[in-house]
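# Pasting the sequence and the predicted model now:
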Amino acid sequence: MTGPELAEAALLLAAARRPVVFTGAGMSAESGVPTFRDAQTGLWRRYDPQELATPAAFRADPALVWGWYETRRRGVRRAEPNPGHRAVAAIAARLPETVVITQNVDDLHERGGVPAPVRLHGSLFAPRCSACARPAPLPSDLPPSAGPPEPHDGAEPHDGAESHAPEAHDGPLDPPACADCGAPVRPGVVWFGEALPSAALDAAVEAASGCDLLLTVGTSALVHPAAEIPLVAARLGAPVVQVNPVPTPLDAICAVNLRGPAGEVLPALVRAAWPDDAVG
Ligand code: BJW
Ligand code: ZN
């Protein structure tokens with residue numbers, strides 16, 4: 001990728017000392033992890049993610065919601081960081097005051113070389129009790145020995161075409177019980193209507209308030225309060241550079257819009273910012 005926009009963004013990145021990289025689901029798309037608003041596949045085709053990612057959905061049908069997250073967690077386990085994740089790590093290595101803020105619940109930034117991103121929406125890998133909040137162990141990733149999942153009310157029959165052998169599970173699944181109080185264990189993510197972890201939100205607002213560049217990557221910027229992080233930076237005068245194949249509500253506040261996939265644009269941006277470095 002080349003062009004005047006890339007050159008302009010590269011100048012901004014090369015001049016930055018305290019950049020914030022703010023990421024959404026598009027960051028992991030080229031790793032094969034579906035974005036939140038992508039159409040669901042397999043058994044999950046008929047469900048709307050916005051309706052599954054709620055406390056009410058979990059209360060109404062814990063097996064449905066737990067099974068959806070287990071399917072996704074296992075998908076993420078099989079995924080690898082893409083060149084975009086590695087480019088973000090290269091920025092953080094070049095500029096040690098970089099803060100990476102992610103809305104993603106996968107672990108691809110960590111595996112891509114950013115050890116401690118600020119996580120606004122939790123993690124697929126930190127289940128906890130839905131009643132007493134005690135952290136719970138992750139279920140084993142071994143395929144269940146009992147065979148295919150039980151049919152479940154309302155779910156489509158599994159036609160086998162999209163199964164992910166040898167990990168046979170892909171469907172509703174009863175959550176484990178808390179070892180302390182027996183209540184169902186829930187995914188350690190932030191659902192609609194729930195407060196974001198205050199330490200993470202505070203860290204994100206502080207970083208955005210003090211940054212000298214905000215690079216937003218792969219987010220539709222539809223979900224609040226996370227979507228306000230780039231706005232905070234812009235309001236305080238930091239240039240905002242966006243990487244996304246399509247327009248978003250952030251277009252208007254961006255100094256540069258780089259239309260393209262993160263896995264191609266970010267390595268090109270790093271190479272253009274520091275042509276003499278062997279990174280990205
Ligand atoms: C590529 C690409 C490639 C593709 N390269 N790019 C203000 C206004 C309106 C509503 C609200 C408001 N404030 C709060 C609300 C309500 C609500 C909300 O925002 N609703 C909106 C939908 C209207 N917010 C909340 O409920 C939040 N809580 C809250 O406000 O609590 C108040 C409270 C305070 C005190 C006490 C109690 C309560 C919580 C929000 C939690 C969001 N959680 C989720 C689910 C996490 C678990 C899970 O994954 O299942 O987080 S929702 C979902 O959206 C997920 C994501 O992190 C988040 C953002 O999505 P993201 O990352 O932008 O993904 P997509 O799919 O939308 O977009 C992908 C983008 O990538 C696209 O643009 C593509 O083009 C692009 N792309 N390929 C680069 N290769
Ligand atoms: Zn408990």
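Structure received. Ligands and ions are numbered 1, 2, ... in the order given.

# out of everything not next to it in sequence, what's closest to T219?
Nearest residue to T219 in three dimensions, chain neighbours excluded: G24, at 2.6 Å (C-beta to C-beta, 6 or more residues apart in numbering). No exception for glycine: its C-beta is placed from N, CA and C like everyone else's.

# which residues touch the one you found?
Taking C-beta atoms under 8 Å, 6 or more residues apart in numbering, we find G24 in contact with 35-36, 102-104, 216-221.

# quick one: which of these sit in strands?
Among the contacts of G24, the members falling in strands (DSSP state E) are 102, 216-217.

# N257: which of those residues is nearest?
Taking C-beta to C-beta as the measure, T216 is the one of the ones in strands among the contacts of G24 closest to N257, at 9.9 Å.

# any idea how far the nearest residue to G26 once chain neighbours are set aside is from D170?
Computed as C-beta to C-beta, 6+ apart, the closest residue to G26 that is not its neighbour in sequence is G218, at 2.3 Å. Distance of G218 to D170, given as C-beta to C-beta, to the nearest Å: 25 Å.

# Look at the two and report which has more neighbours.
G218 (28 against 22; other C-beta atoms under 10 Å).

# my read: that one touches E30, true?
No: counting by C-beta atoms under 8 Å, G218 sits too far from E30 to count as a contact (9.4 Å).

# Look at G193 and give its secondary structure.
coil (DSSP: H, G, I helix; E, B strand; the rest coil).

# Tally up the residues packed near it, please.
9.

# what's the distance between it and P137?
27 Å.

# Close to ligand 1: what parts of the stretch 151-280 of the chain are there?
Proximity of the stretch 151-280 of the chain to ligand 1, by C-beta under 6 Å from any ligand atom, involves residues 189-190, 192-195, 218-220, 222-225, 243-246, 248, 261-262.

# Next: the stretch 1-150 of the chain.
24-26, 29-30, 35-37, 53, 103, 105, 121.

# Buried ones from the residues you listed, can you make that a PyMOL selection?
Buried residues among those (16 or more other C-beta atoms under 10 Å), as a PyMOL selection:
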select buried, resi 24+25+26+29+30+35+36+53+103+105+121
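
# Pull the contacting residues for the residue nearest the centre of the chain.
With distances taken as C-alpha atoms, centre = their mean, N104 lies nearest the centre of the chain, 1.5 Å away. By C-beta under 8 Å, 6+ apart, the residues touching N104 are 23-25, 27-28, 121.

# Strands along the stretch 1-150 of the chain, start to end?
For the stretch 1-150 of the chain, the strands defined by DSSP state E, counting those that start in this stretch occupy 19-23, 99-102, 118-119, 128-129.

# in the stretch 1-150 of the chain, what residue is nearest ligand 1?
Here the stretch 1-150 of the chain gets closest to ligand 1 at one residue, G26, 2.3 Å apart by C-beta to the nearest ligand atom.

# Can you get me a residue count around E70?
Neighbours of E70 (other C-beta under 10 Å): 23.

# pretty sure it is touching L173, no?
Yes: E70 is within contact range of L173, at 5.5 Å (criterion: C-beta under 8 Å).
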